[in-house]
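[1] Sequence plus the predicted model coming up.
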Amino acid sequence: MPITYDTDTAIDIRFHAACSIIKEAAALALNMQPAPGKPAADLKGHQDYVTEADRTVEQFVTARLGALFPEDAFLGEEHGGSSSGLFRWVIDPIDGTSNYARGRNRWCISLGLMHRNVPVAGIIEAPAIRESFTARKGKGAFLNGAPIKASTTDKMNEAMVEIGWSPYVPKGWYPEKMQALLHKGVMPRSLGSGALALADVACGRSDGYHEYVIFLWDVAAALVLLDEAGARVSPFLKMGGLTQRTTILACAPLVAATLSKTLGVTLD
């Protein structure tokens, strides 16, 4: 009979293996990154890029993890889902592809682990800026091994909030949300990587992130980080995020209620 482990042990084994594999994947992505200039990528849609590295990194990570944990399921941005299992890995091989394709450094590999549709571990690896965000459910969130927490900003006129761009945003939505933030005295940002924007909320660099709709592979790792760091987050999974693109708002706790009202997004 196969050896069985309790859930915590099974998560830990997977997490430590993934940490090693994602470092290799990050080195692979760095070596494949185009030089600065015109985007070296294919277009899936309006400003929606995919590079050869997206495909290669996803295949590399899923192959390595699949060899170690053949009973696990996978969901990736480029190759979709495969099989079913108690555990599921959710990967965005290059989050911030528009940055990556132009030789910019704000991009990452996002790898989340789910157990019975509950996010239990996450890794966001940003090799170009030498940062690694990690979290396990109930065991804290970390940046390069140091504990992180959401910010204690309590005034909107001191807050920094990022609004994510996507090709699914309806006409007029983006300026409407930016204007709403500016009216409250918020300093708005838009930097091109949803996973890193959420990680910034988790570590206190930002006080909020809102995207009209975002996919599970963009947020699976970040959901664990945000929860462990004490941030407030909209009910992404309950709103359908397991199967379809869904809105998200993540906030520092002391400005969460005001941001929720300002941006029109309900929080958990």
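    Done, it's in. Numbers count the residues shown, from 1 in each chain.
[2] Mind checking what helix or strand follows the helix or strand hosting residue 99 in sequence?
    Residue 99 is part of helix 97-101, with elements assigned from DSSP states H and E. Downstream of helix 97-101, the next assigned helix or strand under DSSP H and E is strand 108-115.
[3] circling back to that earlier point, which strands or helices does the helix holding residue 99 pack on?
    strand 48-50 (3 or more C-beta pairs under 8 Å, 6 or more residues apart in numbering; DSSP states H and E). Placement of C-beta: from N, CA and C, glycine included.
[4] quick one: low-confidence parts of the stretch 51-200 of the chain?
    Within the stretch 51-200 of the chain, the stretches with pLDDT under 70 are 78-83.
[5] Please, where are all the helices along it?
    Applying DSSP state H, counting those that start in this stretch to the stretch 51-200 of the chain gives helices spanning 52-68, 97-101, 173-183, 194-203.
[6] which residues of the stretch 1-150 of the chain fall in strands?
    Counting by DSSP state E, counting those that start in this stretch, the stretch 1-150 of the chain has these strands, from start to end: 42-45, 48-50, 73-76, 80-82, 87-95, 108-115, 118-126, 131-136, 141-143, 146-147.
[7] Let's have those in JSON lines, adding mean neighbour count and distance to residue 158.
    Shown next, in JSON lines, are those (neighbours: other C-beta atoms under 10 Å; distance: least, C-beta to C-beta, whole Å):
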{"stretch": "strand 42-45", "mean neighbour count": "12", "distance to residue 158": "37"}
{"stretch": "strand 48-50", "mean neighbour count": "17", "distance to residue 158": "34"}
{"stretch": "strand 73-76", "mean neighbour count": "20", "distance to residue 158": "38"}
{"stretch": "strand 80-82", "mean neighbour count": "11", "distance to residue 158": "42"}
{"stretch": "strand 87-95", "mean neighbour count": "27", "distance to residue 158": "28"}
{"stretch": "strand 108-115", "mean neighbour count": "27", "distance to residue 158": "27"}
{"stretch": "strand 118-126", "mean neighbour count": "24", "distance to residue 158": "26"}
{"stretch": "strand 131-136", "mean neighbour count": "23", "distance to residue 158": "24"}
{"stretch": "strand 141-143", "mean neighbour count": "22", "distance to residue 158": "22"}
{"stretch": "strand 146-147", "mean neighbour count": "9", "distance to residue 158": "23"}
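[8] picking up where we left off before, JSON lines please, covering the helices of the stretch 51-200 of the chain and showing distance to residue 27.
    Listed next are these as JSON lines, based on distance: least, C-beta to C-beta, whole Å:
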{"stretch": "helix 52-68", "distance to residue 27": "10"}
{"stretch": "helix 97-101", "distance to residue 27": "14"}
{"stretch": "helix 173-183", "distance to residue 27": "35"}
{"stretch": "helix 194-203", "distance to residue 27": "18"}
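[9] Out of those, indicate the one that is most buried.
    For the helices of the stretch 51-200 of the chain, the largest average neighbour count (mean count of other C-beta atoms under 10 Å) is found in helix 194-203, namely a mean of 28.
[10] Report the distance from stretch 53-64 to the chain centre.
    Computed by C-alpha atoms, centre = their mean, to the nearest Å, the separation of stretch 53-64 from the middle of its chain amounts to 17 Å.
[11] Oh, that last question was meant for stretch 227-241, not what I typed.
    The answer for stretch 227-241 is 12 Å, by C-alpha atoms, centre = their mean.
[12] in it, what's buried?
    Neighbour-count burial for stretch 227-241, counted by 16 or more other C-beta atoms under 10 Å, picks out 227, 228, 229, 230, 231, 232, 233, 234, 235, 236, 237, 241.
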